[in-house]
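Peer 1: just the structure for this:
(one chain, ligands or ions: 1)
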Amino acid sequence: MTVDHEQLSQLLKVYFIMGSPNCLQKPEEVLKEAIAGGITLFQFREKGTGALKGTEKAELGKKLLAICRENQIPFIVNDDIDLALQLDADGVHIGQEDEPVEIVRKKIGNKILGVSAHSIEEAQAAIESGADYLGLGPIYPTKTKQDTRAVQGLSLIKDLRENGITIPFIGIGGINASNARQVVKAGADGVSVITAISHAASVSEAVNELKKQVLL
Ligand code: 3NM
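Peer 2: The predicted model follows:
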């Protein structure tokens, strides 16, 4: 899948991330409701306590990919490049602790490549090495990921734009309908969200609320 800068910016508006440990109901149902609410991109991130492994993980990935394909929502895999290639996903998202960006780029060809960055230096290095978009976080405190860096607030987002970084990026970490607008106003193309969507009493309404805040 080849997407240009503007298409990617649009895809990143409401970027829902989840795996089975994040869901209160069946992940397939949560994803379907999130799509009905209007998510623009999906990332399969099967991590944390009770996460599926091996064949079970791949099977769930395959089911979620099929739902995304039926609804024309691009499907990104977190960290697991082999799984992304096996499923023929639309892209991968990697962190600073994963394989080097250049190597992942070679492995995945022109699939979408997202990289987590926590400083201007990491952002620049990721861009030079072939990232298509960046994930910046944690913007606000989050309980979803234990090993995060220090909370960034909006300063990193502003700093990147002030330093002439034009690549699309999203904010992640503790984002919900009441703080999403300021993340985009600070310069992010969109928001990545786990819990504010996956734990919502109404998943589709939660997405709808987020979307209203992000589409300025
Ligand atoms: N990455 P929630 S924070 C997956 O800072 C992830 O890079 C982060 O979950 C980072 O929306 C985070 O529930 C968890 O806060 C986001």
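Peer 1: tell me the contacts of residue 75?
Peer 2: Contact partners of residue 75, counting by Cβ atoms under 8 Å, 6 or more residues apart in numbering, are 42-44, 64-65, 68-69, 87, 89-91. No exception for glycine: its C-beta is placed from N, CA and C like everyone else's.
Peer 1: what segments of this structure are helices?
Peer 2: Taking DSSP state H to define them, one finds helices in the chain at 5-11, 27-37, 54-70, 81-87, 101-108, 120-128, 155-162, 180-185, 195-198, 203-214.
Peer 1: out of the ones you listed, deepest packed?
Peer 2: Neighbour counts (mean count of other Cβ atoms under 10 Å) averaged over each of those peak at helix 195-198, with a mean of 22.
Peer 1: got the contact list for that helix?
Peer 2: Defining contact as Cβ under 8 Å, 6+ apart, one finds that helix 195-198 is touched by 16, 18, 22-24, 30, 34, 37, 39, 142-144, 175-177, 203, 206-207, 210.
Peer 1: find the closest residue to the ligand in this protein.
Peer 2: Of all residues in the chain, residue 137 sits closest to the ligand, at 2.8 Å by Cβ to the nearest ligand atom.
Peer 1: can you give me the neighbour number for that residue?
Peer 2: Residues near residue 137, counting by other Cβ atoms under 10 Å, number 24.
Peer 1: and it, backbone torsions?
Peer 2: Backbone torsions of residue 137, given as degrees, to the nearest 10, read phi -170, psi 180.
Peer 1: surely it and residue 173 touch.
Peer 2: Yes - the pair residue 137 / residue 173 is scored as a contact, 3.9 Å apart, by Cβ atoms under 8 Å.
Peer 1: spatially nearest residue to residue 107, not counting backbone neighbours?
Peer 2: Setting aside the residues directly before and after it, residue 107 is nearest to residue 81 in space (Cβ to Cβ, 6 or more residues apart in numbering), at 5.6 Å.
Peer 1: ugh, typo on my part, it should be residue 99
Peer 2: Once flanking residues are discounted, residue 99 sits nearest to residue 81: 7.0 Å by Cβ to Cβ, 6+ apart.
Peer 1: residue contacts, residue 102?
Peer 2: Residue 102 makes contacts with 129-130, as judged by Cβ under 8 Å, 6+ apart.
Peer 1: same deal with residue 12?
Peer 2: Listed by Cβ under 8 Å, 6+ apart, the contact set of residue 12 reads 40-41, 133, 168-170, 189-190, 192.
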